[in-house]
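A.B. asks: pasted the sequence and its predicted model underneath.
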Amino acid sequence: MSAVESAGVVLGNEEQADLPVAHPSRPRRGPRSIAGRVLGTIVGLALLTFMVGPLLWLALRAFSQSWHYPDLLPSQWTLHWWRSVFADQTLGHSIRLSFEFAPIVTVASAVICLPAAYAFSRYRFPGRRVLLVSLFATNAFPKIGLYISMAGLFYSLHLMATFIGVVIVQMIGTIVFMTWIPSAAFSAVPRSLEEAARDVGAGPLRVFMRVTFPLAAPGILVAMILSFLASFDESQGTFLVGVPNYVTMPTEMYSLVLNYPEQAAAVFSILLALPSVVLMTLARKHIMGGRLAEGFQLR
Amino acid sequence: MIRFRASARRYGLRERIQGLVMVLPPVAVVAVFIGFPVGAAIAYTLGKVGGPNSVIAGLAQRQHVAPHGSVTTAAYREMLSNDHVRTDIWVTIWITLMTVAIVLVLSWGIALYARFSGGILARLLSALSVVPLFIPVVIASYAILVFYAADGFMRSVSYHLGYHSFPTLGYTLTAIVIGEIWVNVPFGVLMMSSGLNSVPDSLIDAARDSGARLPRIIRSIMLPMNVIPTVIVITFTAIYVLGSFTVPYLVGPTAPNMLGPSMQNFFQSFNQPQQAQVLAVIVFVLAIGFGTVYVWANVRAAKRSGVA
Amino acid sequence: MSAVTPTGLQIDRVSKELGGRTVVSDLELEVRAGELTCLLGPSGCGKTTTLRMIGGFLNADRGRILIDGADVSGLSPDRRPTAMVFQNYALWPHMTVYKNVAFGLKLRKLSKREIQERVEHILELVGLTHHVHSYPARISGGEQQRVALARALVLEPKVLLLDEPLSNLDAKLRVRVREEIREIQQRIGITTVFVTHDQDEALSISDRVAVMSGGKVEQYADARGLYREPATAFVAGFVGAMNFYPGTVVSGGVEIEGGVVVPCDDLSTTESGEWDIAVRPEDVTVSVEGDGAVADVVREVPRGHYKELVLRAGPNEIRAFVGPELPTGEHVRVAFARALLYRDGALHRTRSPALT
């Protein structure tokens, strides 16, 4: 059946591993006319501006002392806003909180979800697909509505404005990442490798630790990074549940936008975006590895 | 022979139980903290104010309480006959459809460009179009607001180009669409790139060999072979935009706005949680509609290729 | 005298560099119209690159490609009168067999009726009429290969290109399918270039074979010519089994390492100097006594209708094919019925080849 697989036919087989395909070189196929190429370049540049422009613009604001319309650059530059943000107690506190919650939520989510991801991948049990879909489907209910109802639940469980309450709220946003993506990663490990390990005498746990897990590790890492960021960037739920005791950086943004000058908000934005950028840059090879479509298909 | 079969059956049962046990934790968390509140919310909209809903019901204004043992649709009737609410529903649907359409066009465009051009602009574009994934939605919304504001980039550049009355897009519905597109393009690009790259080069070469030019190749080969990733982009983007709050809240107008900020308004400003939950259920129903399309498309594709 | 327009395929000093490496170097080849030519060689020799250049999927850095006298070097694949059968068949999985074959015809805006006629005709030719509405996933590997062939042939190209089309089939099927391809090719009379690394395949169905190595054609000849008169040491060693010894010519034969003198009266040349001496195993005459070099029998391998002997004469290992009934003991006498002499990789011939 290998000829069929390499002919591009997906057989819906859970165990289909990615076959390495040597890409033959092919001639460049750009538009033939000069006009076509110029138009393509203009469109491309416009798209680039659309995607990256707002970020650069905001970043410049963080360093501007005064900047008047319609200048394209600040007329005076300063680091004053950076100092004031770092000096602010409330903002500093929220930065610390963000970095406390995110790792805890990620680890808790991993502990709860990874065994499930493995089970979704390797075990056949009734309701497997239904459960997998429903884990995702519950995200279809708008968060605000959910949090309103959850508020009632939290009040009765005395979880309102507590550390654990915020952890739970942030963790909910990570569950889909920590089940679907590692599940696809586990499925991508060829069974033949596990069988070979069993064949030479390794027990199931050892097979998992030495064969399955290392091979699935990149996918799991991506899931953990996305979960970390989902928790780190979570604003709505914390807004409703954590206030006033636990205000993380993103939640703080809501009031920053209203109560602080633009430049301070810009500085805070850069700080808030930094962990995202760093982590995603480290993991980009895996995220953009091109296997993403498989992770989202129902197998 | 008999021994083998018995142990195989035992293995099957053990595997099933083990599987169910292992998936229990996240399922339980979701059931308790999402499923249960969602169920309670739906019940609340139908007028059940007891039990889990009693706390919110205690704070609520203008509730519609159901007679004991039955439900009432009074809350729904109230909201659906409210002109502002109806406008917000249309706004939500309209913004969702616009975003999905434009995200689809951009994702396909960028993915096709990267697949067939390979030049430096193409690579730059496909790399940078994923950048929004790195940026928290709160920051993204704020950056967009500032970019299209009265003293923002768009207005400044057009001023220098001679056009002094470029509209201020801050706090408009257009800004919401721009923001939602911006936030959802990365997923679309990643999904379509993944889909397009999984079409082997040889299939494209074979089409060229038969005499096809690029538009024909896209129409006859790339498109039909990428229906599933396209459906994924449509449904995931739609579900996200339908229920979004942060983007419309930060960059949209006071009214009309999407159902997300509207919900929040009913809850926090008017103290009408029941009415807010009605809106939530409406969004949920719309989102489930899209989700069903996703499941149906996957099932159909699995059926087509799975039977060997 | 009027110039006759050349027919067939001409590759005129084509070169190609890929990734900094010269993959094809100054290649020249002339395939006659209606001929089936094989490009044979180890991986990395440039055969697939050459094929892709003929098809238009790669552009040559230097040189030209001519089909029936017309220079097609600048044309993209959709414009060239070539059709390729890909290694993994490249059938479009979302189209039926009919649609796969009809695709190119639809692009040429033929009428529906004419498309149907042509498709049905070609499917009958390859024996796939019963699968006309099946999807590629549902048919076997051999049948997929025939669909790919049909798809290429239905466009009536001037040159048919096949890129290792049999490598994905199992061994028995390979023999049958290659003969079917040969039969169809001869029936239609289409100029064909076939790439493979399997010499058995190449030698059995081609009119001529171009043995390639390092981006160049080592020799372009029919099977008999390649086997009996390999022009280079590479071809001598690549096609069939061959014994090689460094040595010199002496009276009555050759002297190889260890001072071993082996009688031989059919040498390709008798010039003096250092030579690489090549002898086919079947040209090693083994006798129990008589004049010949003394050799020990290391191993006997019966192979049905012949026997393979591994012999040792001094430091030299000699492989010989002999009749199955030849009685052998521990020692035998060895002579060479025929030897080819190579220097700097090329065959040197100063005596006309013995008629055999």
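C.D. replies: Perfect, thanks for sending it.
A.B. asks: which residues touch residue A:244?
C.D. replies: residue A:161 (Cβ atoms under 8 Å, 6 or more residues apart in numbering or on different chains). Heads up, the C-betas are built off the backbone N, CA and C, glycines and all.
A.B. asks: assign it to helix, strand or coil.
C.D. replies: Following DSSP: H, G, I helix; E, B strand; the rest coil, residue A:244 is assigned to coil.
A.B. asks: end to end on stretch A:130-149, go ahead and measure it.
C.D. replies: In stretch A:130-149, first residue to last residue: 24 Å (Cα to Cα, to the nearest Å).
A.B. asks: stretch B:289-301 close to chain C?
C.D. replies: No: against chain C, stretch B:289-301 shows no contacts by Cβ under 8 Å from any Cβ of the partner chain, the least distance being 10.6 Å.
A.B. asks: not counting sequence-adjacent ones, nearest residue to the residue nearest the centre of chain B?
C.D. replies: With distances taken as Cα atoms, centre = their mean, residue B:240 lies nearest the centre of chain B, 2.1 Å away. The shortest distance from residue B:240 to any non-neighbouring residue, by Cβ to Cβ, 6 or more residues apart in numbering or on different chains, is to residue B:184 (6.3 Å).
A.B. asks: in which helix or strand does that neighbour reside?
C.D. replies: helix B:173-197 (DSSP states H and E).
A.B. asks: in chain A, what residue comes closest to chain B?
C.D. replies: residue A:145 (2.3 Å; Cβ to the nearest Cβ).
A.B. asks: assign a three-state SS to that residue, would you?
C.D. replies: helix.
A.B. asks: contacting residues for it?
C.D. replies: With the criterion set at Cβ under 8 Å, 6+ apart, residue A:145 makes contact with B:41, B:263, B:276, B:277, B:279, B:280, B:281, B:283, B:284.
A.B. asks: against residue C:333, how distant is the closest residue in space to residue A:145 that isn't next to it in sequence?
C.D. replies: Leaving aside its chain neighbours, residue A:145 sits nearest to residue B:280 (2.3 Å; criterion: Cβ to Cβ, 6+ apart). For residue B:280, the distance to residue C:333 equals 100 Å [Cβ to Cβ, to the nearest Å].
A.B. asks: for residue C:68, same thing?
C.D. replies: Distance from residue C:68 to residue C:333, by Cβ to Cβ: 57 Å.
A.B. asks: low pLDDT regions in chain A?
C.D. replies: A:1-33, A:284-299 (pLDDT under 70).
A.B. asks: how about the strands of it, start to end?
C.D. replies: A:64-66, A:76-77 (DSSP state E).
A.B. asks: who wins for proximity to residue B:95 among the ones you listed?
C.D. replies: Closest to residue B:95 of the strands of chain A is strand A:64-66 (Cβ to Cβ; 32.0 Å).
A.B. asks: parallel or antiparallel, which strands does that closest one pair with?
C.D. replies: strand A:76-77 (antiparallel) (DSSP bridges).
A.B. asks: excluding its own residues, what touches the strand it pairs with? List them.
C.D. replies: Outside of strand A:76-77, the residues within contact range by Cβ under 8 Å, 6+ apart are A:63, A:64, A:65, A:66, A:67.
A.B. asks: for the fourth one, give me its contacts.
C.D. replies: With contacts taken as Cβ under 8 Å, 6+ apart, residue A:66 has the following neighbours: A:74, A:75, A:76.
A.B. asks: any idea how far the closest residue in space to residue A:120 that isn't next to it in sequence lies from residue B:147?
C.D. replies: Leaving out its chain neighbours, the residue that sits closest to residue A:120 by Cβ to Cβ, 6+ apart is residue A:183, at 4.3 Å. To residue B:147, residue A:183 is 38 Å away according to Cβ to Cβ.
A.B. asks: same question, residue A:156
C.D. replies: Using Cβ to Cβ, residue A:156 is found at 44 Å from residue B:147.
A.B. asks: buried stuff in the longest helix seen in chain C?
C.D. replies: Longest among the helix segments of chain C by residue count, using DSSP state H, is helix C:171-188. Across helix C:171-188, burial judged by 16 or more other Cβ atoms under 10 Å in any protein chain shown covers C:174, C:177, C:178, C:180, C:181, C:182, C:184, C:185.
A.B. asks: related to what we said a few turns ago, any idea which of the contacts of strand A:76-77 is the one closest to chain C?
C.D. replies: Nearest to chain C among these, with distances taken as Cβ to the nearest Cβ, is residue A:63, at 44.4 Å.
A.B. asks: who are the contact partners of residue B:175?
C.D. replies: B:144, B:145, B:148, B:169, B:251, B:252.
A.B. asks: those in strands, which ones?
C.D. replies: Among the contacts of residue B:175, no member falls in strands (DSSP E).
A.B. asks: now the two most distant members of those.
C.D. replies: Farthest apart among these by Cβ to Cβ are B:148 and B:252. That separation is 12.1 Å.
A.B. asks: one step back: can you flag which of the contacts of residue A:145 belong to helices?
C.D. replies: Secondary structure of the contacts of residue A:145 is defined by DSSP H; positions in helices are B:41, B:263, B:276, B:277, B:279, B:280, B:281, B:283, B:284.
A.B. asks: CSV for these, including pLDDT?
C.D. replies: Formatted as CSV, these follow (pLDDT from 0 to 100):
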residue, pLDDT
B:41, 88
B:263, 89
B:276, 89
B:277, 90
B:279, 92
B:280, 91
B:281, 91
B:283, 92
B:284, 91
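A.B. asks: correct me, but residue B:239 touches residue B:284?
C.D. replies: No: between residue B:239 and residue B:284 there is no contact under Cβ atoms under 8 Å: 9.8 Å.
A.B. asks: which neighbours do these two share?
C.D. replies: residue A:140.
A.B. asks: okay, now the nearest residue to residue B:271 once chain neighbours are set aside: neighbour count?
C.D. replies: Of all residues not flanking residue B:271 in the chain, residue B:61 sits nearest, at 4.8 Å (Cβ to Cβ, 6+ apart). Other residues near residue B:61 come to 11 when the count uses other Cβ atoms under 10 Å in any protein chain shown.
A.B. asks: now the two most distant members of the ones in helices among the contacts of residue A:145.
C.D. replies: Distance extremes for the ones in helices among the contacts of residue A:145: the farthest pair is B:276 and B:284 at 12.7 Å, using Cβ to Cβ.
A.B. asks: more neighbours: the two, which one.
C.D. replies: Remark: of residue B:276 and residue B:284, residue B:276 carries more neighbours, 29 against 25, as counted by other Cβ under 10 Å.
A.B. asks: where do the helices sit along the stretch 201-308 of chain B?
C.D. replies: B:201-209, B:214-217, B:227-242, B:246-251, B:259-264, B:273-306 (DSSP state H, counting those that start in this stretch).
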